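1. Here is my input; please provide its structure:
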Amino acid sequence: MADDISALSSLSMMAEKVVQPAINPNHLAYCPTMDLIAFATIDGQVHVHRLNGQRVFGASGKQSMGNINNIKWKPNGQIIAVAFQNSLLQLTNAHTGKVVHYVDCAIHSKSQICCLGWSINSTRYQEIDLSIRNLGPDTSLDEIFNRGNPSLTHDELPDLPSDLAFLDVEAMLPKLSTLAPGGAEDDVFNSRSSLDTIFQPPSKSSNEAADILIVGFEDGTIHLSVYDFFEIGTFDLRLASQSFYNCKLLNHCSHPLSTTHAMLVANESSTQAGLFFVPLDLRLISNTGRYLSLLASKATQLHNILRYMQQVQKQMYTEFKSSQDLPRRFMQNVEESLQENLDCTWIQAAYHLVVTGNCYPQVKEWIVDELGERGHKRWDKAVTTGYETVRRLAHENLLPALERFTVLLSRLRGLSKFQDSNAALGLSTQELDNVLDTTACLQLLAHHVLIAASSELRGFAAFSAWLKYEIEAQSTEPGSTAAQEASERDPNIDHVSTLDYIRGAMKQSRLFALFNMLPSAQERPQWDLNAEGKSLYELYKRELKTIGDSNTPERQLPGLDALIGHLNSQCTSVFAGIAANQKRNIRLGSPVRLGQVIPESVEMRMLAANIKDKGLYMLYVAIISRSHDDNVRLLKVTLRVENGMSDTDSVEYVDIHPSSGKIQDVRFVDDENIMLAVVRECKVPASLYNRKRKADRVYVASSHLISIQYRQSDGGEGLPFADYGVNREGNADNPPHIQSFDLEQAGPHLRHSFPEGPSWTPERMDINGRPGKRAICVLAQDALHYRIYDLYPPRPYDEEAMETASPPWSAEDELRAYKSKKQEFDVDFDSELSDA
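-> Residues are numbered from 1 along each chain as shown. Presented below is the predicted three-dimensional model:
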């Protein structure tokens, strides 16, 4: 590189941040849609900062989770995924900072997570291909899709049947109420913002796209899920080739219009070690179409509501059980004395006192000396709070959740019954009918819980009033004025309700039978509805009437926990049917060997070869090897995708190398340019840094950011690629000749130069990929601070250009123009505006 390289232009720095403790260079991620920087520190913490350095939120796990293995932003920037060492995947909402879901990936593989891939694929790519044929040849994909939000920007005619099928009814339902914190790791329903995030209704753009999340493990296993955490299945990369023995996923990328995803696989076997490209054909996108996103979103919402109902059920039982502990301890204190002296229980003694008015001496001593007014207040508060909590949870949480669950099931049942794509979706109408039948049982049970809690609360209110009266009456001396006044005063006691409560709810609450969570030595009897050929709802309604009567029911009635567990197993079966059907439409393509050495750093980008050439895509792979860090090998793989099946047409390459120094990192800026971080050492006089050493020369490092147009255009610009000579099944010959490209040649241009000497040297960088506003985050080698640079230089102020510009300038452009003119003319516009 030329000696006067530092004289060239440099980028404007937007922000700088000093971080303690140090950042892990492998875990730096710039949000693709917002100005947020996410990084993991060496102490196992994830921090998300704004450009001004303000911390927005963080993610950290317990010591049992271990260190952080990977972090990845969702393409739309709404969720960030954090993979921990114990294979636990934490999904956090970027707007609220609340955890949306925990995914236990240890059930899919015993190895640790090594790679995360997240992409958005359009489910209407065929309609898009037809709609863009009238566009000009210079139209870019960024003009059709906003990266991360694949909604169409062109006008289209309304499709009434399709709009009715995707009509969002759930958005019209009341919002679910928050729950009290339960202390569990997946307790994500205790805040309004977290609930709104989890049950956020899908937008029109999300109905036209499918979110694909790929998790790679160290043993070569990959797990695929749709719509964040609707699981499709697990695949073994070793099945792609016989030579794959010790392989793992290194990187992943895709294109919004392509049904084929690109995976880079590192194989460390002794026979065929190296780097391989493996295509992943997702034919489920083409076969299922727009219904894929609908299936995944509804199944995900059903899963979330199941988790919500399970937590409601646990809180109902826990709160009510704790409310009965204090009365049970009070009654146990008098039970021993009554058993020894009168051979009766507290229930019998209390019933005798209400009916006859005769108070046993042991009962009087207990009422006056042990219970008293203070104990009565504690008893009344505990039991009343327990019943009110059960009523509130049943009325405000459980019943609305069941209503929303029924609406979601009806959507899936409609698809299974009236759509021609029933076979492609993997839905069974009979299974969904069974799920709806169980949901009806839960709604019936929730109403009985509500009725029983209200009835027992009224009975306890009468019992509490009677007990308060007895405490006052037994505390006074017989024959005294206070006793005479108490006997003449009307106590206003409902003796019938009091007696019903004593012999009923006080002895054994009906709610325990409805919850059905009492410990038992015998296993719960199995009830198999399908074997009897009857409706579980009809059977349940008939036997529910017998609870509390003298007649013994035909079988033990399943309680709230058993029904929710049964509903969970039924939904798991439905989800498994959908996943198994979609898994059959996924194919691992033939691997292509791209190199003999596993790279130190790798970057990928997938582009459409021609916006009007349907099914032709180009995959660009930038590789920095561990042994040759003075050059970047850029490979171009041409793919042909037809009917969801991919085929590799050709592989080309070019080597990019500086005249001196090494390439520290490489990143794709957009569909045209690539950014390189180059570090070189040169000798300078030591007197520049130490005046006492005038004759000696020392080595100092100078660093630069260089941008290159890698994609070839019609005008001949771009890098000159040559054939790589690759054969199938992982066999690759050496390139026939070295196709190199020196940075001294015309084409690349310097974007930024860091000061020479013992100064700031880049270690890692990441680029925000938003059209119209791209910025680069550069991490220093000391890993203690980073800088943000604007890749788009400020535009000069031009009033005529602003008036005639098309499209109009944004508010950001006007602010840049304002600052430019203020610096140019040194005019204090703020004071002039205030004076005016």
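
2. so residue 70 makes contact with residue 118?
-> No. If you go by CB atoms under 8 Å, residue 70 and residue 118 don't touch, sitting 10.9 Å apart. (Each C-beta comes from the backbone N, C-alpha and C, glycine too.)

3. any common contacting residues for these two?
-> residue 81 (CB atoms under 8 Å, 6 or more residues apart in numbering).

4. shaky segments in the stretch 351-500 of the chain?
-> 419-424, 478-480, 482-490 (pLDDT under 70).

5. Give me the neighbour count for residue 322.
-> By the criterion of other CB atoms under 10 Å, residue 322 has 13 neighbours.

6. scratch that, residue 230
-> By other CB under 10 Å, neighbour count at residue 230 equals 24.

7. Same question for the one 3 residues further on.
-> Close neighbours of residue 233, defined as other CB under 10 Å, add up to 16.

8. next one: the one 4 residues further on
-> As a burial measure, the neighbour count of residue 237 was computed by other CB under 10 Å and equals 24.

9. for residue 508, same thing?
-> 12.

10. Kindly indicate whether it is helix, strand or coil.
-> coil (DSSP: H, G, I helix; E, B strand; the rest coil).

11. Would you mind measuring from it to residue 328?
-> 12 Å (CB to CB, to the nearest Å).

12. Also residue 790?
-> For residue 790, the distance to residue 328 - CB to CB - is 69 Å.

13. Of these two, which one has the most company?
-> residue 790 (16 against 10).

14. wait, isn't the more buried one in contact with residue 35?
-> No. With contact defined as CB under 8 Å, residue 790 and residue 35 do not form a contacting pair (10.9 Å).

15. what's the overlap in contacts for the two?
-> Common neighbours of residue 790 and residue 35 (CB under 8 Å, 6+ apart) are residue 775.

16. any idea how far residue 188 is from the nearest residue to residue 396 once chain neighbours are set aside?
-> The spatially closest residue to residue 396, leaving aside those adjacent along the chain, is residue 177, at 4.6 Å (CB to CB, 6 or more residues apart in numbering). For residue 177, the distance to residue 188 equals 14 Å [CB to CB].

17. which residues are in contact with stretch 352-363?
-> Under CB under 8 Å, 6+ apart, the answer for stretch 352-363 is 334, 337-338, 341-342, 344, 349-350, 367, 466, 470, 474, 495, 498-499, 502.

18. go with 10 Å
-> 334, 336-342, 344, 346, 349-350, 364-368, 371, 463, 466-467, 470, 473-474, 493, 495-496, 498-499, 502 (CB atoms under 10 Å, 6 or more residues apart in numbering).

19. From these, which land in helices?
-> 334, 336-341, 346, 349-350, 364-365, 463, 466-467, 470, 473-474, 495-496, 498-499, 502 (DSSP state H).

20. Can you select the buried ones from the residues you listed in PyMOL?
-> Burial among the ones in helices among the contacts of stretch 352-363 is assessed by 16 or more other CB atoms under 10 Å; the matching PyMOL selection reads:
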select buried, resi 334+337+338+346+349+350+463+466+467+470+473+474+498+499+502
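
21. beta partners of residue 279?
-> Bridge pairing for residue 279 (DSSP bridges) gives the partners residue 262.

22. May I ask you to confirm that it is in contact with residue 637?
-> Yes. Using CB atoms under 10 Å, residue 279 makes contact with residue 637 at a distance of 9.1 Å.

23. list residues touching both of the two?
-> 262, 592, 619, 648.

24. could the residues you listed go into CSV alongside secondary structure, pLDDT and neighbour count?
-> Formatted as CSV, those follow (DSSP: H, G, I helix; E, B strand; the rest coil; pLDDT from 0 to 100; neighbours: other CB atoms under 10 Å):
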residue, secondary structure, pLDDT, neighbour count
262, strand, 93, 27
592, strand, 90, 23
619, strand, 93, 25
648, strand, 90, 18
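
25. which residues does the residue nearest the centre of the chain form a beta bridge with?
-> The residue lying closest to the centre of the chain (CA atoms, centre = their mean) is residue 91, at 3.4 Å. Taking DSSP bridges as the rule, residue 91 bridges to residue 81, residue 101.

26. Residue 215 too?
-> Applying DSSP bridges, one finds that residue 215 bridges with residue 116, residue 223.

27. Now do the contacts for it.
-> Counting by CB under 10 Å, 6+ apart, residue 215 has contacts 70, 72, 81, 83, 87, 89, 103, 105, 108-109, 113-118, 221-225, 234, 249, 252.

28. and what of residue 325?
-> 382, 386.

29. Just the CA coordinates for the helix or strand harbouring residue 649, please, in CSV.
-> Assigned by DSSP states H and E, residue 649 belongs to strand 645-657. The C-alpha trace of strand 645-657 is given here as CSV (Å, rounded to 0.1, in the frame of the first residue of the first chain):
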residue,chain,number,x,y,z
MET,A,645,-34.3,-28.2,-5.4
SER,A,646,-30.9,-26.7,-5.7
ASP,A,647,-28.0,-27.5,-8.0
THR,A,648,-24.5,-25.9,-8.0
ASP,A,649,-23.7,-24.5,-11.4
SER,A,650,-20.2,-23.1,-10.9
VAL,A,651,-17.6,-22.0,-8.3
GLU,A,652,-15.3,-19.0,-8.9
TYR,A,653,-12.8,-17.3,-6.7
VAL,A,654,-10.4,-14.3,-6.4
ASP,A,655,-7.7,-13.6,-3.9
ILE,A,656,-7.6,-10.1,-2.4
HIS,A,657,-4.3,-9.2,-0.7
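
30. So which bits of it are buried?
-> Of the residues in strand 645-657, those buried (16+ other CB under 10 Å) are 645, 646, 648, 651, 652, 653, 654, 655, 656, 657.

31. Distance check, the closest residue to the third one other than its chain neighbours against residue 670.
-> Spelled out, it's residue 648. Take residue 648 and drop its neighbours on the chain: the residue closest to it by CB to CB, 6+ apart is residue 592, 5.5 Å away. With distances taken as CB to CB, residue 592 is found 25 Å from residue 670.

32. Equivalent analysis for residue 91, please.
-> Going from residue 91 to residue 670 by CB to CB gives 28 Å.

33. just residue 407 next, same as before
-> With CB to CB as the criterion, residue 407 and residue 670 are 42 Å apart.

34. quick one: which of those two has more around it?
-> Shown here are residue 407 and residue 670; by other CB under 10 Å, residue 670 has more neighbours (19 against 15).

35. Point me to the helix or strand that includes residue 332.
-> Assigned by DSSP H and E, residue 332 belongs to helix 291-341.

36. Now do the strands in the stretch 451-600 of the chain.
-> 586-588, 592-595 (DSSP state E, counting those that start in this stretch).

37. pretty sure residue 707 is in a strand, no?
-> Yes. Judged by three-state DSSP, residue 707 forms part of a strand.

38. Could you verify my assumption that it touches residue 678?
-> No. The criterion here is CB under 10 Å, and residue 707 misses it with residue 678 at 11.3 Å.

39. residues shared between the contacts of those two?
-> residue 750.

40. ok, those two, which is more surrounded?
-> Ranked by neighbour count (other CB under 10 Å), residue 707 and residue 678 place residue 678 first, with 27 against 19.
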